[in-house]
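Undergrad: how would this look folded up:
(chains A and B)
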Amino acid sequence: MFEQAISAMASVVVDPYLLGLIFATTILGVIIGVLPGLGATTGAALLLPFTLTMDPVHAIAVLATIYVSATFAGSITAILINTPGTSAAAATTFDGYPLAQKGEAGRALGIAVISSTVGGIFSVLILCFAAPLLARVAYEFRSPEYFALTVFGLSMLASISAGGAVKNLIGGIFGVWLSTIGAERVTGIERFMFGNYELYEGLHFVPIFIGLFAISELLVQSKTVDKIIKTVSMKAVKLPTLEDYKKIWKTILRSCGIGTFIGVLPAEGATVASMIGYSEARRWSKNKKEFGKGSIEGIAGAEAANNAATGGAMVPTMVLGIPGSGTTAIILVGLMVHGLRPGVYLFTEQVEKVYQIFGSMFVANVMFMLMGLYAAKLFARVSLVPTQILWPIVFALSVIGAYAFQGQLLDVWLALIFGVIGFFARRHGFSVAPIAVGLILGEMVETNLQHSLKMFDGAWWMILTQPLALMFLVFAFLGLCGPMIFSWITKQKD
Amino acid sequence: MKNIYLVPLILSIFSLAVIAIALQLDTSPEMIVGDSMQARSFPIFLMILKLILIGILTFQFYKNNPKPVALEKYHTWGSMFLFLLFYLLTVYTDMFIGIFVVIFLMSILWGERRIWVAFLTATITPGLVFLLFDYVLKIRFPRGMLMNLYYG
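TA: Numbers count the residues shown, from 1 in each chain, chains lettered A, B, ... in the order given. Coordinates of the predicted model:
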């Protein structure tokens, strides 16, 4: 198994086509990450239709590369123009931009690049070891456990960074409801189709995701057309000095652990990881006063954590079919579209493909490091593409991408409708990621609940007699009510 | 009624409508469903859960009294109108004519003052995307005025 994994990962390096693909996608990913508004999730949603005709490993490698490179690249604009390219880089602005204003933009970018690379590679290594182990545990799972696990996954939506807990849960439930559209799987009864037989097999994820992430972002960006961006001049990117390394290595390691752990949690992602990575860096720092004024520990803490979350988020996605973030939700769709069923099967029957994907993520981390060090200045210029040119192009890519998935115009209309729904949701403080995660998990929840009910002759409470299922449901309960209980206990103590 | 309560109200109406439609769904014979659920049960359960959460959200609004969301500028509403225009042009002329017109008008709407830049963006983008999807990915586009000329 170990040898098979190593040889599969190594095969990425000797496959010139795959290497070229990862190289090209890394460039694209960095560009996507640099462009404000076009983050990893939107980029992956736009690129998904282009991967349909590719070999499964190549397709997932493309999506995973976009994920890691765009997550890193958000820091370039965060440091240079105080505008995070992705939400995961928001914490990088706290210290990255002040340091750039001091004339040390190169040093700030160097710290960001090295921290992101270490975080990304660390999380890929954890992914390589943790995913097969988790897959072995998941081998024991039956319907009650999967049902409880998906409920746990949905409960974690409450703590997604954007939106409030209640709003996120409402969004998640709406997403689960969307998964009920079409013919019911056991009885074949048509639900909410209104005579539209193109919906018989349900809503397809690709057009919905393009709508929720790309089109809705377009409408959100239409509010920022008058924004004037101030840039900071930058000399060549400098590598951190030995003195800098001494100062940040502990922060990077800590953030690697934090980021990977948070990434593994269902529905948590790089944004939460970077915020916690940053605040922990500040908490443990001996130079707390420097934070907010250009602390390199602050940049390292946020950047190592957000890239460490990428590998972590792939663990539940590939092992359990539960996406760890919006982008992994799209990667999960990519896996499904290419016939790679996430779960134990993937780790027993298609080990080689799995490790090739992991290998691709490893290579992508190295590639974005080189690009970050030698071409950050060039990429930063991309962020100056006028919005009035960029977003109409995104519109064209969105509608054609939505159409290309199945070759039906209904998907284009769905993408536009869900774009408008997503915009109004965001306008009122609802995040669209819970809708996407709910849509993916919806089928799992319903199907496993049905199977569990059949297993226990309709006695739903028997699910609670299964130890693992009970554990997940307790976690779900704690995830939902824990903060309230905790604050109540604190109040009582006071 | 304050504007902030409009969102919970719309969500509640939607949830109630879903429940009403779900109640109209067919039921399966006992021998198929067995001890499991009817097709209508799960959506109804979801909507009841949602109504409870909407209740909590309304309570939060009442307690915190959030500021109403400011109305967007014409760029946003204009972009949505362009989506509608795209639908009409695609259905009655051709998808690529729709894309061309929307890109051109969207660029102008969003503040592009150089007509030739908007025109080039509207021409080159769909052109390149078409070549990529048609030649590389072998996707056939829906028939319309332009596609009829191309496919024959």
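
Undergrad: mind giving me the domain split of chain B?
TA: Taking automatic domain parsing as the reference, chain B has its domains at B:3-64, B:74-151.

Undergrad: for the last one, how far is the first residue from the last?
TA: End-to-end distance for domain B:74-151, by CA to CA, to the nearest Å: 39 Å.

Undergrad: which stretches in chain A count as strands?
TA: A:182-183, A:190-191 (DSSP state E).

Undergrad: please identify the most buried of those.
TA: Counting by mean count of other CB atoms under 10 Å in any protein chain shown, strand A:190-191 has the highest mean neighbour count of the strands of chain A, with a mean of 20. Every residue, glycine included, has its C-beta placed from N, CA and C.

Undergrad: for chain A, longest helix please?
TA: In chain A, with assignment by DSSP state H, the single longest helix is helix A:105-138.

Undergrad: go on, chain B?
TA: helix B:41-64.

Undergrad: now chain B, which segments are flagged as low pLDDT?
TA: Chain B contains residues with pLDDT under 70 at B:1-2.

Undergrad: what sits closest to A:Gln408 if chain neighbours are left out?
TA: Leaving aside its sequence neighbours, A:Gln408 sits nearest to A:Glu198 (CB to CB, 6 or more residues apart in numbering or on different chains; 6.2 Å).

Undergrad: neighbours around the residue of the stretch 351-494 of chain A found nearest chain B, how many?
TA: Using CB to the nearest CB, the single residue of the stretch 351-494 of chain A nearest to chain B is A:Gly458, 3.3 Å away. Using other CB atoms under 10 Å in any protein chain shown, A:Gly458 has 14 other residues around it.

Undergrad: how about it, phi and psi?
TA: Note on A:Gly458: its backbone torsions stand at phi 90, psi 0 [degrees, to the nearest 10].

Undergrad: not counting sequence-adjacent ones, nearest residue to it?
TA: Counting by CB to CB, 6+ apart, A:Gly458 lies nearest to B:Asp35, which is 3.3 Å off, once chain neighbours are set aside.

Undergrad: which SS state does that neighbour fall under?
TA: Of the three states, B:Asp35 takes coil according to DSSP: H, G, I helix; E, B strand; the rest coil.

Undergrad: for it, grab the count of nearby residues.
TA: B:Asp35 has 14 neighbours, counted by other CB under 10 Å.

Undergrad: ok, now B:Ile13?
TA: Neighbours around B:Ile13, by other CB under 10 Å: 10.

Undergrad: show me where the stretch 301-450 of chain A has helices.
TA: In the stretch 301-450 of chain A, helices defined by DSSP state H, counting those that start in this stretch lie at A:326-337, A:344-349, A:351-382, A:387-406, A:409-427, A:433-455, listed in chain order.

Undergrad: in chain B, what residue comes closest to chain A?
TA: Counting by CB to the nearest CB, chain B gets nearest chain A through B:Asp35, at 3.3 Å.

Undergrad: can you get me a residue count around the closest residue to A:Met275 other than its chain neighbours?
TA: Distance criterion CB to CB, 6+ apart; nearest residue to A:Met275, sequence neighbours excluded, is A:Ala91 at 5.3 Å. By other CB under 10 Å, the residues close to A:Ala91 number 28.

Undergrad: coming back round to it: does the residue of chain B closest to chain A touch A:Ser452 like I think?
TA: No. Using CB atoms under 8 Å, B:Asp35 makes no contact with A:Ser452, being 10.1 Å away.

Undergrad: residue 43: what's it in contact with?
TA: As the question left the chain open, I've gone with chain A. Residues counted as contacts of A:Gly43 (CB atoms under 8 Å, 6 or more residues apart in numbering or on different chains) are A:28-29, A:32-33, A:66, A:70.

Undergrad: switch to chain B, that's the one I care about
TA: A:177, A:180, A:191-192, B:18-19, B:22.

Undergrad: measure the residue lying closest to A:Ile27 once chain neighbours are set aside to A:Gly326 for me?
TA: Closest residue in space to A:Ile27, ignoring its immediate chain neighbours: A:Met371 at 6.9 Å, by CB to CB, 6+ apart. Using CB to CB, to the nearest Å, A:Met371 is found at 24 Å from A:Gly326.

Undergrad: of these two, which one has the most company?
TA: A:Gly326 (31 against 22).

Undergrad: wait, isn't that one in contact with A:Ala433?
TA: Yes. Counting by CB under 8 Å, A:Ala433 is a contact partner of A:Gly326 at 4.2 Å.
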